[in-house]
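> quick one: sequence and predicted model below, then my questions.
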Amino acid sequence: MCYIESTDWEKTMSKTDAVRARIDPSVKAEAERILSRHGLSHSTFISMAYHAVVNQGTVPLSFNIPNDALAADLRAADQAHAAGELKSYKSASEAFDDILASSDA
């Protein structure tokens, strides 16, 4: 498992429009805390969601709640990342380069 700290594509996209929404402050704060752990701002996440809608032609949301085993694995991965036990990359291409280099060895 790895974490990608930034996305190259978001830096090249022209952004000239804004989206406004009202949301419960506690929900917003918790969502931003979670997104931050993954290196995402709320703007980046919203942009990703809009791109997914356009690319898939539907609302690509899943409201599945992970089972206990998956939830435990996700918590363990977050803890390993926080402890510095996982590799961290600045971009997706950096992560893929490292993966491909490892597979060549």
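Sure, I can see it.
> wait, Leu86 sits on Ala76?
No. Using Cβ atoms under 8 Å, Leu86 is not in contact with Ala76, being 10.6 Å away. Just so you know, the C-beta spots here come from the backbone N, C-alpha and C atoms, and that holds for glycine as well.
> which strands and helices lie in contact with the helix or strand containing Val53?
In this assignment (DSSP states H and E), Val53 forms part of helix 42-56. Judged by 3 or more Cβ pairs under 8 Å, 6 or more residues apart in numbering; DSSP states H and E, helix 42-56 is in contact with helix 25-37.
> return the per-residue confidence for Arg22.
At Arg22, the pLDDT value in this model is 93.
> swap in Asp104?
Confidence at Asp104, expressed as pLDDT, is 71.
> how many neighbours does it have?
6 (other Cβ atoms under 10 Å).
> please tell me how far it sits from Asp98.
Using Cβ to Cβ, to the nearest Å, Asp104 is found at 11 Å from Asp98.
> restricting to C-alpha, output stretch 22-34 in CSV.
The C-alpha trace of stretch 22-34 is given here as CSV (Å, rounded to 0.1, in the frame of the first residue of the first chain):
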residue,chain,number,x,y,z
ARG,A,22,-24.3,24.1,2.6
ILE,A,23,-23.2,21.3,4.9
ASP,A,24,-23.3,20.5,8.6
PRO,A,25,-20.1,21.9,10.1
SER,A,26,-19.2,18.8,12.0
VAL,A,27,-19.6,16.6,8.8
LYS,A,28,-17.4,19.1,6.9
ALA,A,29,-14.7,19.1,9.6
GLU,A,30,-14.6,15.3,9.8
ALA,A,31,-14.6,14.8,6.0
GLU,A,32,-11.8,17.3,5.7
ARG,A,33,-9.8,15.6,8.4
ILE,A,34,-10.1,12.3,6.5
